[in-house]
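Novice: build the 3D model from these lines:
(one chain, ligands or ions: 1)
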Amino acid sequence: MSRPSLHDLENHQDFIQRHIGPTVKQQQLMAEALGYSSLDALIDDTVPAAIRSQQAMKLPQAQTEQAVIARLRKIADQNQVFKSYIGTGYHATYTPSVIQRNVLENPGWYTAYTPYQPEISQGRLEALLTFQQMILDLSGMELANASMLDEGTAAAEAMTLMQRVNKKNRSQTFLVAADCHPQTIAVVKTRAEALDIDVVVGDPNELIGNTDAFGALLQYPNTYGQVDDISPLIDKAHNAQTLVGVAADIMALLLLKSPGELGADVVVGNTQRFGVPMGFGGPHAAYFATRDAYKRSTPGRIIGVSIDRRGNQSLRMAMQTREQHIRREKATSNICTAQALLAIMAAFYAMYHGPEGLRRIAERIQRLTSLLQRMLAKANISPENTHWFDTLTYDLGEAREAVVQRALDKGCNLRLIGATGVGISLDETTSAEDIETLVEIFTGQQVTSPASSIDESITEFDGIPNGLLREIDYLQHPLFNDYHSETEMLRYMRRLEDKDIALNRAMIPLGSCTMKLNATTEMLAITWPEFSALHPFAPPEQTKGYQQLLQELEHMLRECTGYDAISMQPNAGSQGEYAGLLAIRRYHESRGDLQRNICLIPSSAHGTNPASAALAGMKVVIVECDSKGNIDMADLRAKAERHTQDLSCIMVTYPSTHGVFEESIIELCEVVHEHGGQVYVDGANLNAMVGLAAPGKFGADVSHLNLHKTFCIPHGGGGPGMGPIGVKSHLQPFLPTNPVSPVPGLDANNDVVSSAPYGSTSILPISWAYIALMGQEGLSHASKVAILNANYIAQRLQEHYPILYTGTTGNVAHECIVDIRPLKEASGISEEDIAKRLVDFGFHAPTMSFPVPGTLMVEPTESESLAELDRFCDALITIRQEIQAVQDGKLDAKDNPLTNAPHTLADVTADEWPHSYSREQAAYPVSQLKQSKYWPPVNRVDNVYGDRNLYCACPAIDSYREPELT
Ligand SMILES: *Cc1c(COP(=O)(O)O)cnc(C)c1O
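Specialist: Modelled structure (predicted):
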């Protein structure tokens, strides 16, 4: 053995092998098992030569975990955490430590997927249902969803909902109160323009009732802090057949009458200040609540109560038929990934404090605001607003500059309004000493008597209009009242976590979702205050670290994609699609091609594609696929030809949604370009390509990248995510900006797709860290092993199940589709039976019936080890044998372990066992399970029952209680 060099001993590439499952030796053996001499030979035979990148990505070498943490620390240190009084929808908050450590920093919560498989998701479903209950109580509405991406997009969705449901007023006009948050107005305007809705922004007292409009948006309290009784305005609107959406501050609603009580039709807002850090813009969960009558028009995911096979209560996502994956361009919205993890945190925050605790927090904020108002009034400084909850606005005239400078000197950020105004918003973290500091900032003089000394002189709810106070009529459900001790809270969260399958239990082989490792080192920085505690509109001098991180990440992503520019604004894949299509739209407009509005979409596309095209004001024309699942090029040519005058673009997923590298992609780009169209490549499948091929180099003009798939941001049980877009240089001028904190290098009048300039900025260190840890070599290697693992699975399974589509050389890309239709024909066992039976083996099911009905799509990712791949294949092969037994009549066609799956602990320990197969076969179909077994908490959930008997609030507590000891 030769002596290793010091360099060898240092091994800077250590992390690459920690991220990638199979060892180098196993990779070689797996490649050989597939008939190739090496991994590279497999890749050469799988990825078409014509699209292979000629040059390596220009990225730094892989670094150790310690080095990456040290680099991030340096970057973070360039951010300055000032006390933020900026408000405008973002407020400092205390994340209860028990929630930070056990939810936000706990892979049992953050690595879970969207709860499409309810049996293994009861824990997060319960937490999300609690979120909905909290929103219902505070908004005073009848129906709430389980989160939106941010307040701006929630307001835009409120607008489109009101347009859909307002059958009495078909006007195309939407009124927006000028005193809504500026970023909300901007997002609404962008959304409206593409849909031909005329937005009129102005004084609601003048507009409402006098301007014919289908809907209106109010802010409560308004962006300047004014608290008004909006019920007369709402009545006036209703008399004019105008529906009203209210954007409401969740903390203020603890003291103020709910918008529902005041007559609102839709209520939206952000739950950020319920324990979720500002994060320089996100992620946090926005909320959306409306009337029960509008439930089928409501965007996003709604959790509902149903029953399982045995009639026990169980939870599931309700009414999925409204969503994009079913309704496509007619969907209520394109939103897919939302903000589940953050919604769960906000719900736990409410449970932890309870109604009295929350009320106290809100009262204290309001009291401090009154103190500040009083102390400044004594100094003859009077606010613009006559009533307030937590925000005061002052016109300081010439004094502003000095005041703002004094604030900065004391480490405080005020909101700048117009040329001479300032706003101050207080929050949970504000203290009486802070009030004194603020007074000193305003007066330039030392405070002599402490703020607390004038507390006595303030009546209880100074600043809140008569009649607008509410009683504690909220959060009376025991869930909000039973878990106030940390011990109880800790155990409750653990109980929920244990009900679910996340990546810390088993592989989650969801095709198209890329459930790869979310390494702990990648996650560390997101809770550092230098990243988490910044306000999105903090002055640029204080955000230098973020600017560096953004620049570096943009460079990294440009290298990974071959594009010329990146926009970080879209905070989910769906929003990236929308932003990319808007850029295309603007590009055509800039060239005078106003008529170009046809968007070609292959029939196999993900549902968000047509839904986003509709939102961007485009008309969808479907392109057919051939029998091999490839885009039918003849059909494409014909349709491009037919629409040569009005072709806007094509949206195509690459590698295809069928998991195949189509050879025709370059030709496809050429055909579309010849007819004046642009090429949008849905980058959700980039995990098969990083370092091997780049969409920006093989002909595409724009793509979104799902950082929560390829670039290691965890899925959080249905969000957060990030969907930045890469564009070629000709589209760069049309990228989105922000009205308060403009994106450098862009026209200030550009579109605005999210509330914050860089979306959910505080999770970007995760992707940055991943790329830094892997380096160019590690990233390319990861793509190769993703392809290797998928082909390995395809090969192991193909003797037992047909594999649906392969490329010309017989290989799949990074995922494979297992066809269940022939088996179902022969045995009556469906893809759903298999998915549920996999739960008995401790696995999350693969993607079901997308993109082909009656199939399962498996994506192992590079992170799964050979042992786990084999365990999964063994499970599917054992299941195949069970199906064979049904086919052969050895197992009953109706009473068998597949149709009865999943089996609960209660099933197999019951005194009665009425089945024709054994308990052991039910629970331990492979003996390995005896060492470690996941028990689903419910039997198969009845989807139809849940939709027929729609119930989307927390049921009576009795149904939650564990059986009493007798
Ligand atoms: C995941 C996915 C999307 C949507 O991304 P979200 O972040 O969930 O909005 C779009 N297209 C494809 C092919 C996907 O797999």
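Novice: run a quick neighbour tally on the residue in the stretch 851-966 of the chain that the ligand sits nearest to.
Specialist: The minimum distance from the stretch 851-966 of the chain to the ligand, using CB to the nearest ligand atom, falls at Pro851 (8.6 Å). Every residue, glycine included, has its C-beta placed from N, CA and C. Neighbour count for Pro851, taken as other CB atoms under 10 Å: 26.
Novice: pretty sure it is touching Ser604, no?
Specialist: Yes: using CB atoms under 8 Å, Pro851 makes contact with Ser604 at a distance of 4.5 Å.
Novice: shared neighbours, these two?
Specialist: 657-658 (CB atoms under 8 Å, 6 or more residues apart in numbering).
Novice: tell me the residues of the stretch 701-850 of the chain that contact the ligand?
Specialist: 706, 721, 723 (CB under 6 Å from any ligand atom).
Novice: drop anything exposed from these.
Specialist: Neighbour counting with 16 or more other CB atoms under 10 Å marks 706, 721, 723 as buried within these.
Novice: out of the residues you listed, the closest to Cys599 would be?
Specialist: Gly723 (17.8 Å; CB to CB).
Novice: in a strand, that closest one, correct?
Specialist: No: using DSSP: H, G, I helix; E, B strand; the rest coil, the secondary structure at Gly723 is coil, not a strand.
Novice: quick revisit: return the member of the residues of the stretch 701-850 of the chain next to the ligand nearest to the ligand.
Specialist: Gly721 (4.3 Å).
Novice: what separation do you get for that closest one and Ala885?
Specialist: Separation of Gly721 from Ala885 (CB to CB, to the nearest Å) stands at 42 Å.
Novice: same deal with His284?
Specialist: In terms of CB to CB, His284 sits 50 Å off from Ala885.
Novice: quick one: name the residues of the stretch 451-600 of the chain near the ligand.
Specialist: Checking the stretch 451-600 of the chain against the ligand by CB under 6 Å from any ligand atom, the hits are 512, 572-574.
Novice: any weak-confidence spans in the chain?
Specialist: Scanning the chain for pLDDT under 70 picks out 1, 957-966.
Novice: which one of the residues of the stretch 451-600 of the chain next to the ligand is nearest to the ligand?
Specialist: Gly573 (2.3 Å).
Novice: contact partners for the nearest residue to the closest one once chain neighbours are set aside?
Specialist: The shortest distance from Gly573 to any non-neighbouring residue, by CB to CB, 6 or more residues apart in numbering, is to Gly723 (4.1 Å). Applying CB under 8 Å, 6+ apart to Gly723 gives the contacts 337, 570-577, 579, 704-707, 759.
Novice: so which of those belong to helices?
Specialist: 573-577, 579 (DSSP state H).
Novice: can you redo those residues as a markdown table with neighbour count?
Specialist: Output for the ones in helices among the contacts of Gly723, formatted as a markdown table (neighbours: other CB atoms under 10 Å):
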| residue | neighbour count |
| --- | --- |
| Gly573 | 28 |
| Ser574 | 29 |
| Gln575 | 31 |
| Gly576 | 33 |
| Glu577 | 32 |
| Ala579 | 30 |
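Novice: just those now: which is nearest Ile829?
Specialist: Of those, the one sitting nearest to Ile829 (CB to CB) turns out to be Gly573, at 32.9 Å.
Novice: the closest one touches Asn334, doesn't it?
Specialist: No: look at Gly573 against Asn334 with CB under 8 Å: they stay out of range, at 9.4 Å.
Novice: can you list residues touching both of the two?
Specialist: Thr608.
Novice: could you chop this protein up by domain?
Specialist: 13-57, 529-772, 778-949 (the TED database).
Novice: pick the most buried one from these.
Specialist: domain 529-772 (a mean of 23; mean count of other CB atoms under 10 Å).
Novice: how far off centre is that one?
Specialist: How far domain 529-772 lies from its chain's middle: 16 Å, per CA atoms, centre = their mean, to the nearest Å.
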